[in-house]
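A.B. asks: Sharing a model that was predicted from the sequence below.
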Amino acid sequence: MFSKFGAKNKTGSADSFGVSVKSNIRYGDTKNATFDLYRAGEGRLPVVVHFTDAPAKTERAAYAEMASAIAAKGTAVAVAGASGESGEKNLECFTEMEEYLRVSLAGERMDPNAVFFSGDGTGAWTVLQAARKCLIDGERYPVKPRGVLIFSGVTEPMELARMDLRAARSALKYGFGIRKGEGEIPESAVRDLPSDFPPVFFLHSDSDMLSYSQTSALKSGLKRAGVVTSEYRVVYRSLKRDFYLYPASLPEARSAVRAAYRFIAKILKNEFDKSEYTEI
C-alpha cells in the first residue's frame, strides 16, 4: 500500500538477496572513512563504489537493500561514508578510497578495470568531482571509473543555498559542513566536464523538489560535455527522495535497481554508446 510520499515497507536483509556482507572496513584516516562490502559469489567481480548522502546523518545500514539488490546481480558494492565536514574533506575521503582500491582490489577479488563510481544526495557531488579529477590527475586518482551512477543527486550546492527548503539546508549542513550560512559553498560538480567523461546513469523523482531542481543542472552540464547518459525518471508516483533504498518492497525501487544494473552491464559489454531515457 502506497502512502502519499512513498510506501510503508519491511526492510529486506542482505541474506534475503543471497549476498555476503563485510562491515566497517577502514579505507582511510579521515572522519567516517569506513565502508561495507556486499557481494555474491567468489569470483572476480566488477565493483560499484557508492558514497552515501549526508554521512553525519545517514547510517550506512540504510543502504543494505539497495546494495544487496545490485550485488545479487553479479557485482561487488562498497557503500562508503565521507567526512561531511566540507566538499574538500569529502574529496580527501575519495582520494583515500582510490588508494585503498589501487592496493586492495585484487585481494578482494574485484576487477580494477570494471569500477563504477556511485553516489546519492551529496555523495553524488563527491563522485562526480572524483571522476572528473581522475581524468585530470591520474597519478593521485589511479583507479578510473567505467561509469558513474547518481541517485537523487546533489550536484549544485549553490542552488541549495538559494532554496528555502529544510531538505536543502540539511544537505548543506550534513553533506558540506555549512551551518547558518557559515562555510564555503563548493563549486558545481558538472561545470566544465571534459568530453571524455564516462557515461552517467541518473535517477530522480518529480515529486522530490530537491533532486528535481538539481537534475536540471546535471542534465545541462552532461549535455554540454557530450556525455552519454541513462536517465531514470519517476513521474506517475509521489515517492520520497530515497525511494531507491527499498527494492524489497517498492516496485519502483526494483525497477530502478534493474535499470542501474542494465547500465553497468551494457558498459561492461561495450554496448552503451547512445543516451537512453526511462520514464515510469
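C.D. replies: Noted; the coordinates are in hand.

A.B. asks: in this protein, which segments are predicted with low confidence?
C.D. replies: Within the chain, the stretches with pLDDT under 70 are 1-15, 55-58, 181.

A.B. asks: Okay, helices next: where are they in it?
C.D. replies: 64-71, 87-104, 122-136, 157-162, 166-176, 209-225, 251-268 (DSSP state H).

A.B. asks: what about Glu159, neighbour count?
C.D. replies: The number of residues packed near Glu159 is 17, by other CB atoms under 10 Å. (C-beta placed from N, C-alpha, C; glycine too.)

A.B. asks: ok, it to Asp120 distance?
C.D. replies: 17 Å (CB to CB, to the nearest Å).

A.B. asks: The spatially most central residue of the chain pairs with what?
C.D. replies: Computing the C-alpha centroid of the chain and ranking residues by CA atoms, centre = their mean puts Gly119 first, at 1.4 Å. Beta-bridge partners for Gly119, by DSSP bridges, are Phe51, Ile150.

A.B. asks: shouldn't it be in contact with Leu128?
C.D. replies: Yes - applying CB atoms under 8 Å, one finds Gly119 in contact with Leu128, separated by 7.5 Å.

A.B. asks: Quick check: neighbours shared by those two?
C.D. replies: Counting by CB atoms under 8 Å, 6 or more residues apart in numbering, the common neighbours of Gly119 and Leu128 are Ile150, Gly153.

A.B. asks: Return the set of buried residues in stretch 77-96.
C.D. replies: 77-87, 89-96 (16 or more other CB atoms under 10 Å).

A.B. asks: Extract the CA atoms of that stretch and return them as PDB.
C.D. replies: C-alpha atoms of stretch 77-96 as PDB (Å, rounded to 0.1, in the frame of the first residue of the first chain):
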ATOM      1  CA  VAL A  77      29.100  -3.000  -3.900                       C
ATOM      2  CA  ALA A  78      31.100  -0.900  -1.500                       C
ATOM      3  CA  VAL A  79      28.900   1.500   0.500                       C
ATOM      4  CA  ALA A  80      31.200   4.200   1.900                       C
ATOM      5  CA  GLY A  81      30.800   7.200   4.200                       C
ATOM      6  CA  ALA A  82      32.600  10.500   3.700                       C
ATOM      7  CA  SER A  83      33.600  13.300   6.100                       C
ATOM      8  CA  GLY A  84      30.700  15.700   5.600                       C
ATOM      9  CA  GLU A  85      32.900  18.500   7.100                       C
ATOM     10  CA  SER A  86      33.300  20.200   3.700                       C
ATOM     11  CA  GLY A  87      33.400  19.400   0.000                       C
ATOM     12  CA  GLU A  88      37.200  19.400   0.200                       C
ATOM     13  CA  LYS A  89      37.200  16.900   3.000                       C
ATOM     14  CA  ASN A  90      34.800  14.600   1.100                       C
ATOM     15  CA  LEU A  91      37.200  14.600  -1.800                       C
ATOM     16  CA  GLU A  92      40.000  13.700   0.600                       C
ATOM     17  CA  CYS A  93      38.000  10.700   1.600                       C
ATOM     18  CA  PHE A  94      37.600   9.700  -2.100                       C
ATOM     19  CA  THR A  95      41.400  10.100  -2.500                       C
ATOM     20  CA  GLU A  96      41.900   7.700   0.300                       C
END
